[in-house]
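Engineer: sharing a sequence plus its predicted fold:
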Amino acid sequence: MELKINQQIKQFNAESLSVQSLLDLEIPHKQNGIAVAINNTVVPKTNWNQHLVRETDEILIISATQGG
């Protein structure tokens, strides 16, 4: 499966992935303070396990930072 994540094309050896599975592969140690948008729509954290990503999806993973 080929996915576009944060404007980069990445390959995964899976036919289907949930948002949570994708995050476990991409950022296994830093999942607090992040938001995920798929096709410009935020996916609530409560839906990460159920929401499946597709090859045509554009995925944006945003990490909160401190400072101002």
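Structural biologist: Sure, I can see it. As the structure is a computational prediction, the values presented were derived from the model and not from experiment.
Engineer: and the strands in the chain, which stretches?
Structural biologist: 2-5, 8-11, 17-18, 34-38, 41-43, 52-53, 58-63 (DSSP state E).
Engineer: export these as JSON lines, with columns for distance to Asp24.
Structural biologist: Where C-beta positions appear, they are placed from N, C-alpha and C, glycine not excepted. Shown next, in JSON lines, are the strands of the chain (distance: least, C-beta to C-beta, whole Å):
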{"stretch": "strand 2-5", "distance to Asp24": "14"}
{"stretch": "strand 8-11", "distance to Asp24": "14"}
{"stretch": "strand 17-18", "distance to Asp24": "9"}
{"stretch": "strand 34-38", "distance to Asp24": "12"}
{"stretch": "strand 41-43", "distance to Asp24": "15"}
{"stretch": "strand 52-53", "distance to Asp24": "13"}
{"stretch": "strand 58-63", "distance to Asp24": "12"}
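Engineer: next, Glu15: phi, psi?
Structural biologist: phi -90, psi -30 (degrees, to the nearest 10).
Engineer: verify the stated contact: Glu58 with Ile38.
Structural biologist: Yes. Look at Glu58 against Ile38 with C-beta atoms under 8 Å: they come within range, at 7.1 Å.
Engineer: show me which of those two is the more surrounded one.
Structural biologist: Higher neighbour count among Glu58 and Ile38: Ile38, with 17 against 14, using other C-beta atoms under 10 Å.
Engineer: nice, that's everything, thank you.
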